[in-house]
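fold the following and give me the result.
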Amino acid sequence: MLGHISFGVSDLVRAGVFYDAVLAPLGWVRLWDDPEGLGYGRPGEGEKLNLFPHADARPPGPGFHLAFDAADHAAVEAFHAAALKSGGTDRGAPGLRPGYGATYYAAFVTDPDGHKLEAVCQ
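Now for the predicted structure:
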């Protein structure tokens, strides 16, 4: 549905450390890297998330978050653990969310710039 999404980040190096760690369990890698930004996606599929440095970077408003598909519960758990270890904030530990569906297993975090992220296995 979407070609890609881009976020502004206040510190590109810090964001790279964070996103390298949290996206690895989901099969995503850094596809390009230069002083102007970073691009992430699955190998051979092209970037789906781009990060660009902006001094006044702010996350989108209430209601917005980015959910990444996870292959299994272990990937959701690894995403969450990597986020907390890399400067993210917990917004919901890994677990079933029966209100979203019988098999909806997810974790929620906020990155160091305040972007709300989710990893979900359904």
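
from now on I want contacts and neighbour counts done on CA atoms only, so please keep to that.
OK.

ok, now which ones touch residue 40?
Contact analysis of residue 40 by CA atoms under 8 Å, 6 or more residues apart in numbering lists 28, 29, 30, 31, 32, 46, 47, 48, 49, 50.

same check, this time on residue 95
Applying CA under 8 Å, 6+ apart, the residues near residue 95 are 105, 106, 107.

what sits up against the helix or strand containing the second one?
It stands for residue 106. Remark: residue 106 resides in strand 105-110, with elements defined by DSSP states H and E. Here strand 105-110 makes contact (CA under 8 Å, 6+ apart) with 73, 76-77, 79-80, 83-84, 88-97, 116-122.

tell me which of these fall in helices.
73, 76, 77, 79, 80, 83, 84 (DSSP state H).

and the strands in the chain, which stretches?
Along the chain, counting by DSSP state E, strands occupy 5-9, 29-34, 37-41, 49-53, 66-69, 89-96, 105-110, 116-121.

quick one: these as CSV, columns for distance to residue 22 too.
As requested, the strands of the chain are exported to CSV (distance: least, CA to CA, whole Å):
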stretch, distance to residue 22
strand 5-9, 15
strand 29-34, 10
strand 37-41, 11
strand 49-53, 13
strand 66-69, 10
strand 89-96, 12
strand 105-110, 10
strand 116-121, 9
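
may I see the buried residues of stretch 79-94?
The neighbour-count check on stretch 79-94 (16 or more other CA atoms under 10 Å) flags 79, 80, 81, 82, 83, 84, 86, 87, 88, 89, 90, 94 as buried.

tell me which residues in the lowest-mean-pLDDT helix or strand in the chain are buried?
Least confident helix or strand of the chain, by mean pLDDT, DSSP states H and E, is strand 5-9 with a mean of 94. Under the neighbour-count criterion of 16+ other CA under 10 Å, strand 5-9 has 7, 8, 9 buried.
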